[in-house]
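Peer 1: Here's a sequence, model it:
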Amino acid sequence: MRLSHRFLAAVSRSQPSKLKKPSISLDHFIQRQRVLSLWREIMRALIKVPPSSTRTELHRYARDEFERHRGVSDIQHIRYLISTGKAEFETMRRYIDEQITA
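Peer 2: As a prediction, this is how the structure comes out:
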């Protein structure tokens, strides 16, 4: 059995990784989780809006903003985008709350 483990270890070292992308840093991982959390929070809030053109428009706006900044890799810029996104979302949330109560 030991021989087979060594063989597998040798094979795995000689073969290139099947990962398409290089691994990301811890900071990038944390920021990515914050971005995904913000996205989920926005989507959960939009579900509360009755199906209408307003709901579709808000969803399209949110998606377009996330897509527009998809390629950003600078940590400081990502942090800035998350904070401005949260501020915009709070404004959107107030609007959504008005739509729900109306």
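Peer 1: counting contacts, what elements does the helix or strand that R60 is a member of pack onto?
Peer 2: For R60, the element it lies in under DSSP states H and E is helix 53-68. When contacts are defined as 3 or more C-beta pairs under 8 Å, 6 or more residues apart in numbering; DSSP states H and E, helix 53-68 sits against helix 26-47, helix 75-101. C-beta here means a position set from N, CA and C on the backbone, and glycine is covered the same way.
Peer 1: pLDDT of that helix, averaged?
Peer 2: Average pLDDT, helix 53-68: 93.
Peer 1: ok, back up a step: which stretch in the helices and strands packed on helix 53-68 has the least confidence?
Peer 2: Taking the mean pLDDT of the helices and strands packed on helix 53-68, helix 75-101 comes last: a mean of 90.
Peer 1: and it, how far from the chain's centre?
Peer 2: 14 Å (C-alpha atoms, centre = their mean, to the nearest Å).
Peer 1: Any buried residues in it, and which?
Peer 2: By neighbour count, with 16 or more other C-beta atoms under 10 Å as the criterion, the buried positions of helix 75-101 are 78, 81-82, 85, 89, 92-93, 96.
Peer 1: What of stretch 57-76?
Peer 2: Within stretch 57-76, the residues that qualify as buried are 58, 62, 66, counting by 16+ other C-beta under 10 Å.
Peer 1: hang on, the earlier thing: want to throw the buried residues of helix 75-101 into JSON lines with distance to S23?
Peer 2: Output for those, formatted as JSON lines (distance: C-beta to C-beta, whole Å):
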{"residue": "I78", "distance to S23": "17"}
{"residue": "L81", "distance to S23": "22"}
{"residue": "I82", "distance to S23": "22"}
{"residue": "G85", "distance to S23": "25"}
{"residue": "F89", "distance to S23": "30"}
{"residue": "M92", "distance to S23": "34"}
{"residue": "R93", "distance to S23": "35"}
{"residue": "I96", "distance to S23": "37"}
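Peer 1: Just name the closest of those residues to F29, please.
Peer 2: Among the buried residues of helix 75-101, I78 lies closest to F29 (C-beta to C-beta), at 11.4 Å.
Peer 1: Isn't that closest one up against V35?
Peer 2: Yes: under the criterion of C-beta atoms under 8 Å, I78 makes contact with V35 at 7.2 Å.
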